[in-house]
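1. Let's see this in three dimensions:
(4 chains)
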2 protein chains.
Amino acid sequence: MTEQATGSSPTLLDVAREAGVSAATASRALNGSTRTVSAEKLALVLRAAERLGYAPNLSAQATARGSTKTVALIVHDIADPYFSSIAAGIVDGAEAAGLTVTMAVTGRSPDRELEIVSILRGHRPHAIVLAGSRIGDDQEALAGELRAYRAAGGRVAVVSQPGLPHGTVAIDNRGGAEALADALVAHGYRRFAVLRGPDVLHTSRDRADGFAAGLARAGIEVLDTIETDFTEDGGHAAMTGLLGRGRDDIELVFAVNDVMAIGAMRALRDAGLVPGRDLGVAGFDDIAAAVDVDPALTTVAVPTRAMGLRAIELALAGADEPELVWLPTSVVLRESTPRRASTT
Amino acid sequence: MTEQATGSSPTLLDVAREAGVSAATASRALNGSTRTVSAEKLALVLRAAERLGYAPNLSAQATARGSTKTVALIVHDIADPYFSSIAAGIVDGAEAAGLTVTMAVTGRSPDRELEIVSILRGHRPHAIVLAGSRIGDDQEALAGELRAYRAAGGRVAVVSQPGLPHGTVAIDNRGGAEALADALVAHGYRRFAVLRGPDVLHTSRDRADGFAAGLARAGIEVLDTIETDFTEDGGHAAMTGLLGRGRDDIELVFAVNDVMAIGAMRALRDAGLVPGRDLGVAGFDDIAAAVDVDPALTTVAVPTRAMGLRAIELALAGADEPELVWLPTSVVLRESTPRRASTT
DNA sequence: TTGAAAGCGCTAACAT
DNA sequence: ATGTTAGCGCTTTCAA
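-> Presented below is the predicted three-dimensional model:
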C-alpha cells in the first residue's frame, strides 16, 4: 500500500459485467479492430460504457498491444516562435493521424536532450521527432539512444539538422544565407557585421558561414562578428556592444535568426537610431513578427509549419533508408534593408 | 551473450537474466521505492541494464502502478505566443517535478476540446491543465469529463478561466481593462473603438466589458466595436474595416489582445498611417513582441509564464477544495499611446 | 535481502 | 459472434 491510490476509474471488466458480456466482447465493441459484434450486444456495451463513464486505460492498452498512439516531440524552447511554429505543424500532422503529441524541452542543453530521449524511449512512442539543430559535436551518445529506439521498432524524424541517420527535414541554411548576401550586395550594401549564436549550434554556424561565402563571391569580407545568445536578448546585447565599439562604418547587420535581429533593432532604437535608415538589419526564419516590426524585417523565409508536417509524415512513413527532404527557403526583402547607393 | 531481437526492446526480465537475479530484484534495483538490494546485486543489475541499453517500459509501469508521471496540457493554439509562453511555464514546472508534459491543441473548438479531454483521460495523467479561456457556454459535457477524471483521482488545474470547480489560476481581465481605460483617459483620450474577439470567448468578453466599464466611469462611451478573429489577421482585417468605414473621429483603438493589436498596427501602416501618432493603439497580454513593434505597444501585462508555473503547482498540490489564485496584471504605457491634449 | 507468484487493465489467439 | 485463456512488462505482496 503506497500513496497515490488512483480513485480507480471503471475498467473494461466493469463495463463487461454491467453489460452482461465477456471482457473480450466489450473490448471488441469499444476498441476492437475488425468489428465482429452483434448490433445488439454492441448497443448494450456502449450504453454500459456511457453509463459508467468508461475511458479505456491507454497504458494498459499500450502494454497489451505493444505499441502506443503517441509521437514525442523534442524542442529547444517552446516559447520561441520558430519552435512553436514547427510544433504547431507537428501537432496538426499527428492529430490528423490520430496520434497524441507529447513534448519535452531541452533548454538547448545537450545533456538534457540526451536524458530526455532516454526517458521518452521509455514511453515507447510511435515516433520521436527532434526539432531544432543538434547541439555540440558529440552526437555519439544521442545517436546511440536513437539507434536503440529504432532497433526496437521506433520511428525517428529530425527537423532542421541533417547528419543523423534518420528521416530528416532540412533547409539549406548555408544556401539561404548566401542568397541573402547576394541580394544585399545587389542592394548596394558593402560593409557588414554578423551577429551569430553560440558556435556549437550548427544552424548558427551554417548561416554565418553561408553569409560570409556569399559576400566573398563579391570580394567582400565581414568586418565584424559577435557571438551571443540565440535569443532576442542576445541580439539586443550584441547590437549594443557593437554600437559601443563605435563601429559606425558598418552599413548592415545580419543576425542569424529573426529574434536576434529583432532584438538588435530594439537596441538600435534604444540608442536613438532608426533601423533601416541608419543601419540595415536582416535576419533569418521569417517568423510572424518579422512583418510586425517597423521597419518590416528583411529575412530568409523558412517554412516552419510545413517542416513540422513533413517531419511527422516522414516518421510515419518510416522508410528504412533515411530520407532527406530539403524544403526551400526564399529571400524576403523588406524595409529594414532599403536599396542604397553603393559608396565603394 | 546478448540477444537484441529486432523489433522489441530489452525487458526487465532480460536484464534480470543477464544479471542472474530475479525480476523482482531487478525491478527493485532499477526503479524500486525502498531500496532493499545488496550493493553487490545492485551493481550487477545496473551493469546488465547498461549493457543491454534497457529503458523501462513506462506504459507497463503505469498499468502496474496505476499512476503515471505525466501531466497533460491543453491549449488552443501552440503557435500563439500567449499560449506558448504559458506552456513554457508549465513545462518548467512539470520537469522540475519529474513529470513529462503531453500536449494537445483544441484549435479553439469546443467539440475538439471535449474530445481531447476524453482521450487524455485515457492516458491517466497525473494532472490535466487546461490553458486558455473556456469556449462557449455549454460547459456541461466538459465539466462531466473532468468530474469523472477527478473522481478517479486525477488532478485538474485551469489557467485563465475561473468558473470551473478546479484549481484555477486567473487574472482579472475586467479589472485590467478598466485600469487601462482609466490610464488612457488620463492620457487625454476620449474617442475609442474596440476590436474584440468572438463573443463565445470569455476572455474577450471580459476585457471588452471591463474597458467599456472603465470608460463609463468617466462618462465616455465606446464609439465603435468590431468583432473579429482572436488572431493577428483578425486584428488586421478589423482595423482595415474600421478605416474603410471612414471613422476618422476615433482617437484610440483597443484590441482585446496583443496579437490583434499588432495586426491592427500593421493595417494602419498598410494604409499609410502612423500608429501612435495618427491613432493610438492598445492591446492586452504584453507578449514579447509588444516591445519589438514600433511604436512599442501599450498593453496590460499578464504574467503568462508564472501562470503556467502556478497552475502545475496547484495541480500537484491537489487541494480538495478548488483553490483560486489571482495573479496581478499591470498597465504598461508605451509609445503607441502618447499623451495627448484632450479635445473635449 | 531475495524469489515466487499474483496481479494491473487490456488484447489476441484459440476454441466454440 | 462470443467466451476462455494466455499473455504484455512491470510491481508488489508474501514467504523463505
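2. from here on, contacts and neighbour counts on C-alpha atoms
-> OK.
3. Burial check on residue A:12, number of neighbours?
-> 22 (other CA atoms under 10 Å in any protein chain shown).
4. whoops, residue A:239 was the one
-> Counted with other CA under 10 Å, residue A:239 comes out at 28.
5. what number of residues lie near residue A:161?
-> 21.
6. From what I see, it and residue A:133 are in contact.
-> Yes: here residue A:161 reaches residue A:133: they are 4.9 Å apart, a contact under CA atoms under 8 Å.
7. Am I right that residue A:335 sits in a strand?
-> No: with DSSP: H, G, I helix; E, B strand; the rest coil as the criterion, residue A:335 is located in coil rather than a strand.
8. how about it, what does it touch?
-> Residue A:335 sits next to A:276, A:295-298 when contact means CA atoms under 8 Å, 6 or more residues apart in numbering or on different chains.
9. before we move on, the earlier item: who touches both of residue A:161 and residue A:133?
-> In contact with both residue A:161 and residue A:133: A:202-203, using CA under 8 Å, 6+ apart.
10. Could you pull out the buried residues of stretch A:101-109?
-> Neighbour counts over stretch A:101-109 (16 or more other CA atoms under 10 Å in any protein chain shown) mark A:101-106, A:108 as buried.
11. quick one: is that stretch near chain B?
-> Yes: residues of stretch A:101-109 contacting chain B under CA under 8 Å from any CA of the partner chain: A:101-105.
12. Check stretch A:87-99 too.
-> Yes: Stretch A:87-99 comes into contact with chain B (CA under 8 Å from any CA), by way of A:87-88, A:91.
13. and if you look at stretch A:52-71?
-> Yes: judged by CA under 8 Å from any CA, stretch A:52-71 and chain B are in contact via A:53, A:55-60, A:62-63.
14. returning to that earlier point: sitting in helices, which of the residues of stretch A:87-99 next to chain B do you find?
-> Cross-referencing the residues of stretch A:87-99 next to chain B against helices under DSSP state H gives A:87-88, A:91.
15. Tell me the residue of the stretch 151-300 of chain A that sits nearest DNA strand D?
-> The minimum distance from the stretch 151-300 of chain A to DNA strand D, using CA to the nearest atom of the strand, falls at residue A:152 (10.2 Å).
16. Give me the neighbour count for that residue.
-> Residues within reach of residue A:152, counting by other CA under 10 Å, total 18.
17. again, but for residue A:113
-> Applying other CA under 10 Å, I find that residue A:113 has 22 neighbouring residues.
18. Touching, it and residue A:106? I think so.
-> Yes: using CA under 8 Å, residue A:113 is in contact with residue A:106, at 5.1 Å.
19. which neighbours do the two share?
-> Contact criterion CA under 8 Å, 6+ apart; residues shared by residue A:113 and residue A:106: residue A:74.
20. what does chain A have sitting close to DNA strand C?
-> By CA under 7 Å from any atom of the strand, the residues of chain A that approach DNA strand C are A:8, A:10-13, A:23-24, A:27-28, A:31-33, A:55-58, A:60-61, A:63-65.
21. In strands only, show me these.
-> Among those, none falls in strands (DSSP state E).
22. Near DNA strand D, list only the ones from those residues.
-> Restricting the residues of chain A next to DNA strand C to those adjacent to DNA strand D (criterion: CA under 7 Å from any atom of the strand) gives A:23-24, A:60, A:63-65.
23. Restricted to helices, list the residues you listed.
-> A:23-24, A:60, A:63-65.
24. What subset of the residues you listed is buried?
-> Buried among those by 16+ other CA under 10 Å: A:23, A:60, A:63.
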